[in-house]
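# Pasting the sequence and the predicted coordinates here, then a few questions.
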Protein chains: 2
Amino acid sequence: MFSSIKRLLIGRPLKSHELGEQKLNKTKALAILSSDALSSVAYGPEQILIVLFTISSAAFWYSIPIAVGILILLTALILSYRQIIYAYPHGGGAYVVSKSNLGENAGLIAGGSLLVDYILTVAVSVSSGTDAITSAFPALHGYNVEIAITFVIFITILNLRGVTESASVLSYPVYLFVLALFILIAVGIYKIVTGGVSPQLHTPIGTPVAGISLFILLRAFASGSSALTGVEAISNAIPNFKDPAPKNAAKTLMAMGALLAILFSGIVFLAYYYGISPSEKVTVVSQIAEDTFGRNFIYFFIQGTTALILVLAANTGYSAFPLLAVNLAKDKFIPRMFLIRGDRLGYSNGIIILGIASILLIIAFHATTEHLIPLYAIGVFLPFTLSQSGMMVKWLREKPKGWVPKFIANTTGAAISFTVTFIFLITKFSQVWPILIFLPIIVYLFHRIRKHYKAVGDQLSLKTCESPVTIKGNVMIVPVAGMTHVVENTLNYVKSLSPDQIIAVYVAFDREAEKQFEEKWKTWQPDVRLVTLYSYYRSIINPLRKFVDIVEHKASEGNYRVTVVIPQFIPKKGWHNFLHNQSSLLIRTFLLYRRNVVVATVPYHLKK
Amino acid sequence: MFSSIKRLLIGRPLKSHELGEQKLNKTKALAILSSDALSSVAYGPEQILIVLFTISSAAFWYSIPIAVGILILLTALILSYRQIIYAYPHGGGAYVVSKSNLGENAGLIAGGSLLVDYILTVAVSVSSGTDAITSAFPALHGYNVEIAITFVIFITILNLRGVTESASVLSYPVYLFVLALFILIAVGIYKIVTGGVSPQLHTPIGTPVAGISLFILLRAFASGSSALTGVEAISNAIPNFKDPAPKNAAKTLMAMGALLAILFSGIVFLAYYYGISPSEKVTVVSQIAEDTFGRNFIYFFIQGTTALILVLAANTGYSAFPLLAVNLAKDKFIPRMFLIRGDRLGYSNGIIILGIASILLIIAFHATTEHLIPLYAIGVFLPFTLSQSGMMVKWLREKPKGWVPKFIANTTGAAISFTVTFIFLITKFSQVWPILIFLPIIVYLFHRIRKHYKAVGDQLSLKTCESPVTIKGNVMIVPVAGMTHVVENTLNYVKSLSPDQIIAVYVAFDREAEKQFEEKWKTWQPDVRLVTLYSYYRSIINPLRKFVDIVEHKASEGNYRVTVVIPQFIPKKGWHNFLHNQSSLLIRTFLLYRRNVVVATVPYHLKK
């Protein structure tokens, strides 16, 4: 039944060679790879206003200079990622760039924070998408967590099916979103120019504001820079581009940067001019749209495409997380299971774990975008900083022709990213401290895991010359619970192997039963030696374990191998197992993991 | 670590012969066996008032005639249980009495409804005990569920330790509770007689009340009869009494009846005279105590002993449920695991399941006593009716000397119990309907389970003459994942058994690896035949399963037995298992449960 539900949800399994490599042209790549970055304008500008609002709504004019700062940051990032694209044409994720230039630990810090970050990408995007929906339909307020979780489950299933096949479909919402925001910005500016909006709604730029401080401004700047999350996506995905891949990728990156700049400035400007205050129940974009159009078709079109692109942005987490996990697993820093392709050729384990982790985050943070963002942003800017620094080191080390401008671009990127990371740490310490605890733990775990894999590999490898012990003979122990067909079947099997010795073991709970059993046994199986053990504590395992220990000790002296052969009847239906004590399973697990004996189970299948 | 926590909570394991039989004298028996019955006065009278309150507080005077009716019911029940004590000196639970006189299904209905009922005993008593506490400390309101669950966990642990050793301690709270209520009733009546209570607080008996109906009165009567739950406890526990057991038990029963009658009438009378209205936040007993004494030491003494006796009453569920489960398991109606005595000689499985089930009920009903009581009461009165009817049949069938008065006593008991059950069904249908659904399901499950056990027994029994197949030889299949020490170790073992054929099987995911593996194998293990399987769908299990099927099919034609020998390395630490694909476990489970092959696991213990 489980497997038919699985078929229904994720489709029939695919053969390995069905893994098609679909190359993207620029238009499609722009759509697919930039949903994360572009969708950030749905929450980025709002974060600036939320910080400024803690002073007063008179401080809102500061959002304009802050936005200028963020645009400069954006330019620097785009230029420096352009360098990465050309330098790492096979995909230059922060993990790869940091590892190869700054060393293993820097790579692991980048990798660890990105792993966490992709989970946050999903949580933030879905929560923010949910905000767009509940802004449009206030009746849905209070169900944010449920709606967000439903989205995550939906995206997870979609990814388990494999999304690539429907990738063309995924590009429409992105262009619709860009179109929707273009209409919004254009109409908004038209209204402002034609005097349709009262200039009284906002305080003019330059108005002195009581209580404003550099601290607050930096905080607002850092919060607003969350609008830049996702710009690294293109540089990770260069191999997916049509040839010449690096050139196409670079062009796409520039186009995305331009779009992001326009949308971000447009939203910030309209929010400022309209004098919009952030509200818990209605997003800033929703307020702008409502003030511009009223609650008509275009309003719902804007909200709908916003929600859609945010859900798509979550989807980028689903392509990035499993791929990064594969890279880390190949280097043996995380469990090997992340390397396995599922029925539909996606890395199912990574997809499922990402889904579960982001649902847990959504529950923990009650799907509140504002509280998730600081952690998210620091998790983005830390790898930004590391990969740009890695590029600096690369240029300094290799000094290729014309390296100086490249070096300057990456240095600027590194410096600004570092500054933003630092500002986050200082101004939002109460929200970002967990990363200071989790990152070292994650890096430590990475090392521990690799150490273990290395130790296992060494021990298994035939190159280590551990001379195998020659086995001189076999002793077989059969634990018996009664005189039944199950035991008979097992004894017949053991006899057919003709080991050097067969010992049947019976654990008795009272003396009377012990005697009776011994007598009956003599007539039933006179040729098999029976040992009865008396159990004071009604446990079967303990006396058996002690007995096996003794036999094993003696046997190993003469290079004999001990096999415990367990008779087990298999009921016809699964639920029947619940009605029988699972002693044989317990015995097996216990002996196998703690003792050096072979454990064999002889099934006796019941017919009804 | 788990086992040391277990030791700390429930103590060291006990040997089987440490199971002491502690016989009870009358005083101690009265205390231990009547806590359930006596504690019912903490919620019984309140249930009458809650029903009458739906009309108006003027209807409260009806509680007096209703109480008289309940006292008559109590007398009839006590007299008829007296008969059961003499007729079933080995303990006459409703299950035994109904089964032996009315047939199996009647017994199963009684048994099933009692199983559910003991869970409700725990839930109701603990919820009501929590009410007593939150009445005294209003600040604790809103934490009812948490407090109740803590109590259940506490009692569960106590019972897993084994309560008998501390049984003497358990008798104090009961006597303290009786003392507390005696003081309350005596002082209350003294105040009334000396005119300390205004006679204006209540409407005189006989005042006409608008809207009163027979339906409401019957409903109030049925609700109030919940005060009689627990009177059957003594008749189940006769073997625990000192000799002459039946006589002592009968005397104890009468004493309990008398105490219950006094406490019940006293509470009902005071509640009526004080004109107390039921309230969600303060229990009726708490109100009476506060009106009589104010919130002084005696008030807290009364509330404290009430809470204590209610928790003790929950404890009676813990002695009765596992014993009934043992009886049902002996007759093979429920899983065998209920027969196993745990480390401390208690029937741990029954105790744990009771604890979990009552916690679920408490959560589902938000620890609201009032909503739990109808289900509880019908679950009590149904087995009451069945066991009394069983006694009627017994007398009619056996007709011993002087059977007529006994028959009359049981007939009265049966008639009244039936009437109460019927009234519950009619007047509280909206609350008790689940029992009409669950009982048939439970009885059906009982039969299904027994049928399965019987089928298994038949198939295992050596009496059935299924001639065992002689095994002519052995084929051993070794799934290999690489060329390592683990595989080497396994192959050495298999060779030492010298079966007729050894086949190593390798599942390849790509053609290149397949070829390479085959070539290397030839030089490494030239004497072991290697079969490589190509897996299109990246699954190891499926190709392996198909291969095993083919081999097994061929082998069985020649009466050969197939053994799959799985090489498995065992990491040094438990958490390491998480880092390795558990393919061997999967293969084992799959083959063992679905195919007729022996599965052996050869461990290779890693040293670091």
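Received, thanks.
# And for the residue of the stretch 1-150 of chain A found nearest chain B, nearest residue in space, chain neighbours not counted?
Nearest to chain B, among the residues of the stretch 1-150 of chain A, is residue A:15, at 4.3 Å (Cβ to the nearest Cβ). In short, each C-beta sits where N, CA and C put it, glycine included. Of all residues not flanking residue A:15 in the chain, residue B:536 sits nearest, at 4.3 Å (Cβ to Cβ, 6 or more residues apart in numbering or on different chains).
# Repeat that for residue A:563.
residue A:598 (4.3 Å).
# same question, residue A:427
Closest to residue A:427 by Cβ to Cβ, 6+ apart is residue A:219, at 3.8 Å.
# quick one: contacts for residue A:219?
A:51, A:423, A:427, A:428 (Cβ atoms under 8 Å, 6 or more residues apart in numbering or on different chains).
# For the residues you listed, which single residue is the most surrounded?
residue A:51 (24 neighbours; other Cβ atoms under 10 Å in any protein chain shown).
# That residue contacts residue A:213, correct?
No - between residue A:51 and residue A:213 there is no contact under Cβ atoms under 8 Å: 11.4 Å.
# distance of the residue most central in space within chain A from chain B?
When Cα atoms, centre = their mean is applied to chain A, the residue found nearest the centroid is residue A:354 (3.2 Å). Remark: distance between residue A:354 and chain B (Cβ to the nearest Cβ, to the nearest Å) = 18 Å.
# And residue A:290, by the same measure?
Residue A:290 sits at a distance of 40 Å from chain B (criterion: Cβ to the nearest Cβ).
# Which strands and helices lie in contact with whatever helix or strand that residue lives in?
Taking DSSP states H and E as the definition, one finds residue A:290 inside helix A:284-293. Contacting helix A:284-293 under the criterion 3 or more Cβ pairs under 8 Å, 6 or more residues apart in numbering or on different chains; DSSP states H and E are the following elements: helix A:44-53, helix A:104-136, helix A:167-193, helix A:245-274, helix A:297-330.
# Give the other helices and strands that the longest one contacts.
Helix A:297-330 is packed against helix A:26-39, helix A:94-102, helix A:104-136, helix A:144-161, helix A:167-193, helix A:233-236, helix A:284-293, helix A:348-364, with contacts defined by 3+ Cβ pairs under 8 Å, 6+ apart.
# What values do phi and psi take at the residue in the stretch 251-400 of chain A that chain B sits nearest to?
Residue of the stretch 251-400 of chain A nearest chain B, by Cβ to the nearest Cβ: residue A:335 (4.8 Å). Phi and psi for residue A:335, reported as degrees, to the nearest 10, are phi -50, psi 150.
# One more: the one 5 residues further on?
Its backbone dihedrals place residue A:340 at phi -80, psi 130, with angles given as degrees, to the nearest 10.
# my guess is it meets residue A:350, correct?
No - with contact defined as Cβ under 8 Å, residue A:340 does not reach residue A:350; the gap is 9.5 Å.
# These two: who's more crowded?
Neighbours were counted for residue A:340 and for residue A:350 using other Cβ under 10 Å; residue A:350 has more, 27 against 14.
# With adjacent residues omitted, what lies nearest to the more buried one?
residue A:322 (3.1 Å).
# In this structure that neighbour contacts residue A:346, no?
Yes - contact criterion Cβ under 8 Å: residue A:322 and residue A:346 qualify, at 7.0 Å.
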